[in-house]
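**Student:** structure of the sequence below:
(3 chains)
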Amino acid sequence: MRHYVIAGILVIVAAVLTYLGLEALNLLPVAASAQAASIDWLWNWEVMTISFLFALIVVPLVYSLVVFRRRKGDTTDAEHIEGNTKLEITWTILPLFIVIAFAYMGAYSLAETRRVDPQAMVVNVTASQWAWSFEYPDYGIVSKELYLPVDKQVVLKMQSKDVIHSFWVPEFRVKQDIVPGRVTELRITPTRSGVYKVRCAELCGTSHYAMEELVIAAPDVNFMAWVAEQQGVAAAAQTPESKGELLVKTNCLSCHTIDGSKLIGPTWFGLFGSQVSLSDGSTVIADEAYLAESILNPSAKIVAGFETQIMPAFTIFTEEELANIIAYLKTLK
Amino acid sequence: MTHTQNKSSALAQGLIVFIFLAVLTALEFGIAILLNSIVLLILVALVKAGLVAYYYMHIYKLNQEDHGEGHDSYAYKTGTNRLGLWLFLLSDSFVFGGLLVSRFNLLGMTRPHLNQLLGLAVTVVLLVSSFFMNRAETSIAHGDKKGFLNGTLVTIILGLLFVIGVVGLEWQLAKIEEVIASKDVVGGIFYMMTGMHAFHVLTGVILLFTVWNKGRKGLYTAEKHWGVEAATVYWHFVDVVWIFFYPALYLIGAAIQLAA
Amino acid sequence: MKKMKPIVRGLLFLLVGAFVGYGVGLGLDVLVGGRVNFTASIAGYFSLLIGVALFFFGLVGYRTITRGVTWQIFGTLGGALFVTGIRAIMGLKTFVPPFLFTEPAWVFGGLVGVICFILGHGVADDWIRMARGVDVPEHREDAPGWEKYYSPSLDHKVIGIQYTVIALILLVVGGTFALIFRTELASSGLQFLTTEFKLFNQNGLQFYNTLMSLHGMIMIVSILLGIAGLMNYLVPLLIGAHDMAFPRLNAFSFWIAVPAAVLLLSSLILGGFDTGWTGYPPLSAKAPLGIQMFFLGVFVAGWSSILGALNLLATVLRMRAKGMTAFRLPIFVWASIATSIIAMTATQLIGLSFQMVMFQRLFGMGFFDPAKGGSPVLFQHLFWFYSHPAVYVFILPGLGVVSELLPVFVRKPLFGYKWIAMSSLAIALVGFLVWAHHMFTSGMNEYLRVPFMYSTLLVAIPTGVKFFSWVATLWKGKITTPMPSAFLFVVGAIVVFLMGGLTGPPNATVSTDLHLHDTYWIVGHFHDTLFGGFVFPFFAALYYWFPKATGRRMNETLGKWHFWLMTPAFFTLSLGMMRIGLLGMRRRIADYDPLQGFDATHLVLTIAAFAIALSVLIFIINLVTSLKRGEPAEGNLWNSRSPEWQVASPMPAHNYDTPFEVVGEPYDYGLPGSKYVEFAKK
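**Tutor:** As a prediction, this is how the structure comes out:
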């Protein structure tokens, strides 16, 4: 009898210590969205339950290993206990209740994360190998970064140009895959100003690790100022070169640099007009035709040293956009 | 069902089952044209499959009592072999199940625009082949080597005819109807389903040829002809798959009219 | 040459073959590509294959396995040339850089290679004879000595050992891949797997993805072969049978895994692939050639799994000793039944889903291509319909080992034996209903998420039954000290699997999973479940039954080193992974942002990984040296009631010369005068 009492007390102690220890570790990143609230609430219940169940199994197990050892010289077997039907039923039914409780809590929590604000601002997200692009249709701007007003729900309408990606900001908690051929949605209400990062959370190829972008949450007034600034930049981009610069900034810089530094693809600094060595040994002058072909059909001419980098074809630009990009590239010297 | 029928009543039973299958197939075709009820079509398919599984594949033999025979007896070993074969068929049916799931997931309540007469024809060919294989198996079970060889040979020919009908004819006709493998999922699903099934028909033909050849050499008797039973049950299984694939591809859903 | 020890000769021939193969491959690559590439895929491919073929030739001469590998090489090349020839006639491209053959040629060649391996090895010879009507004797005596292990032996004990050996080899290979990329991950910034790195037509980033993907699949195959080893060796012994129901099918099931493993490993060399072991399209539809070798290798390995499971079920249903009713079956046999039900059926779905991607690539059939009306999410449904039940395949046998061994070491009945038996079946059955919990973020139909959450949480109940029963078995037991290594690993299994099981429910509840999915938390979770459900029990089983198989004991001191090095290292690894996962460390990434503050943890994880590797090395040294120099193991070493321990070690050739009858319960320790089995009088 005393074994049960001692073990019982130890279970409670161990459970509490485990839970307190886990809490002290600050397991989760800071919560920065309204959606995080119910998730963190459920997580907390789960950590409590995990702590308890861990203690419930490990304590009697260790206790047995320490206490129920064969005494020296004793060659007999242990007590012939085959089972206990009442106990079996209890430890089947009780977990069943716990399971159903968690399922119910889970359904509630999920519903909370999916609350719809009909006034939510729409942001169209385009994910591609390996960059993010955010379009604000209400304001007519396209941005490399995601800038969000605090305490206002945004509904991200997300599309992929190529393979499955996934949108995730750990501080916002919720995650949603972006599937080619359809539009998937994610609703986020930032609750805390700060600079975060969205990082692709579904393996999308070689540079999946680097597919990240800034996410900034700020008070609404700051957001509107940013919008105005972006609109100004877009309006100011009257020349083909500046329009091209905007396109490049949102589409190309995850693989190419404009300052000569090394990245996944060849740098564009000083590219226009230069001699380019190709992988088949030949050389070519980087003229407008070469630049255009390199965007629309990159595999036609592969630069020497970059054979293993497969650039996807970018057929999404209009003729005018293509010309603007090339105009901008010509300025990089 | 009695396991100790005499030969003529066994053959008669095989014929009656075939007549049922033929009537059900006609019914199926009628339902598709007149009622377009997917529930009824599934029901008919299940009844057809049940008939084949019970009367042709004699699934009840799995439950046979091995009367105190030692584990080393031929009877016991045959029972073990039989279990192994049915487990294999259970496993294989998951492939076809997966294909059916994919068909309905991707095509929903539409279907490819195919030649109905040809579809009905190849279905009839396969059902008739099962009839003859049943005859062949019944023959050898009663020691009739000649009946076995003839029945098996007819089955092989009909099996090859099925493959010619599907791969040789239907596939060519389908291309004209714009059902092309690389064009869209309609083509993809059509060729994958018919292709996987035809592959199983071909392996079935190879198995049948193997037992026909061994039968020719006199290696089978009324008491010992497990190889024949195995090839036969496999053959009927391939027929059962088509019992489900035929309505899934030809009868269920609205035909998609594909623009030229 | 003849006087050399075979292994030395084999290694020498391996070097020669690798060298010659490298030259041949390099030359072909220059011919087709027009420039010299010292790290060319083709050079590596020929180097590997010719090296391996010559290794076996040096080891055993030109027979069985050597013939198999040689025929596989010729079959692959022949098949590839055949398709190339047809393409030439059709006016299509024939020989292309960088892989010499086109993709369709490689796929067909790979398939033909597998068939040729089987034909060359000889494992199908009996069936071919039977088909031709030639008389085939039922039993066949094994070749003496080591030869039986590379020949098509029909003895389930030999086959069990063959499976176990290849499982350990793949464990080492898969683990080595992990050590390589763990070294890269030890600190942020790309150190050596950079864009400058060049090997087998991959840069460092691509190579990272290939290594990571193959680490997953090779470990999975290692587990499947390891459990096949356990089940094949033990089940006939436990039920009193001479062998499995279908010995030839058993041999085939083993040997087909060899060319499958070759295909899988060739994916590393033929351009690699970047999709992870899950191979999701559209990424896998665009991936390099290596993905096809991967798909084909897994497809063929699946046959081994399916046929082995079929054999197991038929054996248990038909070959039991007299008196062995359902609830007098050893608990490991129940575990094997549940495992085999899943393996025999669900495995077909990974074959189908991979085949569909292969056909999408080869024939343009757009099953998963949205532009053609296809659905990427359909792939995930088909794939996970197998791959979730598969994880129960991985762990049920190991949990069965835990249940089987506890009573012996604790001298007490297995608490609630019937409930434990039924819990294995319940896990298997419910396991078929949970697959979409891998797809909560996939964009699948919204209404599916909550039902799958319910079904997933339900699996906790039969799993809980096991844990409670194990604790109740230990409670008030009489545990021997010093605790043997086998027992240590049993206890370790319980605790590690507990951690895996407890970290499951947060993944099951959808909202929390939105944060956890695709992070290192998941990686920690499944390493816990796999180490607890397979790795630890596998080692326990090896320490426990090694004496039965060989007549010698493994060294206990080394066993303790193994355990006490592996266990803390593994706790560190899995807890560390879970920590950074929660804080934002995503899966499957070659590098991470230093600003996230994960550097220190990653360094610790890498050190832990090397410690685990060291412990496995200790185990292997123990295994190999104990074969010749282990302490002789006489009689019923563990004082077990189980039938296999009532006869001599090593196990006699035909298991039980006199049959036994089951006359009592398997785990009635502590019941005076009770017996489980009684052998017939001679």
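**Student:** count of neighbours near residue 304?
**Tutor:** Because you didn't say which chain, this covers chain A. The tally of other residues near A:Ala304 (other CB atoms under 10 Å in any protein chain shown) stands at 15. Just so you know, the C-beta spots here come from the backbone N, C-alpha and C atoms, and that holds for glycine as well.
**Student:** switch to chain C, that's the one I care about
**Tutor:** Neighbour number of C:Ser304 under other CB under 10 Å is 25.
**Student:** with adjacent residues omitted, what lies nearest to it?
**Tutor:** C:Ala257 (4.3 Å; CB to CB, 6 or more residues apart in numbering or on different chains).
**Student:** what comes up buried for the helix or strand where A:Ala55 lies?
**Tutor:** Element membership for A:Ala55, per DSSP states H and E: helix A:35-67. With burial defined by 16 or more other CB atoms under 10 Å in any protein chain shown, the residues of helix A:35-67 counted as buried are A:35-43, A:45-65.
**Student:** one step back: residues in contact with the residue nearest to C:Ser304?
**Tutor:** Contact analysis of C:Ala257 by CB atoms under 8 Å, 6 or more residues apart in numbering or on different chains lists C:Tyr163, C:Ile166, C:Val221, C:Leu225, C:Val300, C:Ala301, C:Ser304.
**Student:** can you tell me how far it sits from C:His121?
**Tutor:** 12 Å (CB to CB, to the nearest Å).
**Student:** cool, and C:Ala343?
**Tutor:** Applying CB to CB to C:Ala343 and C:His121 gives a distance of 23 Å.
**Student:** in three-state terms, label B:Val95 for me.
**Tutor:** Secondary structure for B:Val95, judged by DSSP: H, G, I helix; E, B strand; the rest coil, is helix.
**Student:** count of neighbours near it?
**Tutor:** 17.
**Student:** OK, contacts around the spatially closest residue to A:Gly181 that is not a sequence neighbour?
**Tutor:** Closest residue to A:Gly181 apart from its sequence neighbours, by CB to CB, 6+ apart: C:Pro370 at 2.2 Å. Contacts for C:Pro370 (CB under 8 Å, 6+ apart) come out as A:Val179, A:Pro180, A:Gly181, A:Arg182, C:Pro282, C:Pro376.
**Student:** thinking again about what came up before, who has more neighbours, C:Ala343 and C:His121?
**Tutor:** Set C:Ala343 next to C:His121 and count neighbours by other CB under 10 Å: C:Ala343 wins out with 33 against 28.
**Student:** spell out which helix or strand contains that one, please.
**Tutor:** Residue-wise, C:Ala343 maps onto helix C:331-345 under DSSP H and E.
**Student:** what is the subsequent helix or strand relative to that helix?
**Tutor:** helix C:347-363.
**Student:** quick check: residues of the stretch 101-250 of chain B near chain C?
**Tutor:** B:101-102, B:105-106, B:181-189, B:191-192, B:210, B:213-214, B:217, B:219 (CB under 8 Å from any CB of the partner chain).
**Student:** and those, which of them are buried?
**Tutor:** B:101-102, B:105-106, B:181, B:183-189, B:191-192, B:210, B:214, B:219.
**Student:** pull the residues that contact stretch C:321-330.
**Tutor:** C:238-241, C:316, C:320, C:404, C:417-418, C:421, C:642-643, C:659-666, C:677.
**Student:** got the CA positions of that stretch in PDB?
**Tutor:** Listed next in PDB are the C-alpha coordinates belonging to stretch C:321-330 (Å, rounded to 0.1, in the frame of the first residue of the first chain):
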ATOM      1  CA  ALA C 321       1.300 -25.500 -32.900                       C
ATOM      2  CA  LYS C 322      -1.500 -27.500 -31.400                       C
ATOM      3  CA  GLY C 323      -3.300 -25.700 -28.600                       C
ATOM      4  CA  MET C 324      -2.100 -22.300 -29.700                       C
ATOM      5  CA  THR C 325      -5.400 -20.500 -29.600                       C
ATOM      6  CA  ALA C 326      -5.800 -16.800 -30.300                       C
ATOM      7  CA  PHE C 327      -5.200 -15.700 -26.700                       C
ATOM      8  CA  ARG C 328      -2.300 -18.100 -26.200                       C
ATOM      9  CA  LEU C 329      -0.300 -16.500 -29.000                       C
ATOM     10  CA  PRO C 330       2.900 -14.800 -27.900                       C
END
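**Student:** chain center to that stretch: distance?
**Tutor:** Remark: stretch C:321-330 is offset 29 Å from the chain centroid, using CA atoms, centre = their mean, to the nearest Å.
**Student:** what comes up buried for that stretch?
**Tutor:** Going by 16+ other CB under 10 Å, stretch C:321-330 has these buried residues: C:Ala321, C:Met324, C:Arg328, C:Leu329, C:Pro330.
**Student:** repeat for stretch C:648-655
**Tutor:** Going by 16+ other CB under 10 Å, stretch C:648-655 has these buried residues: C:Ser649, C:Met651, C:Asn655.
**Student:** got those residues as a markdown table, with secondary structure and pLDDT columns?
**Tutor:** Shown next, in a markdown table, are those (DSSP: H, G, I helix; E, B strand; the rest coil; pLDDT from 0 to 100):
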| residue | secondary structure | pLDDT |
| --- | --- | --- |
| C:Ser649 | coil | 89 |
| C:Met651 | coil | 92 |
| C:Asn655 | coil | 93 |
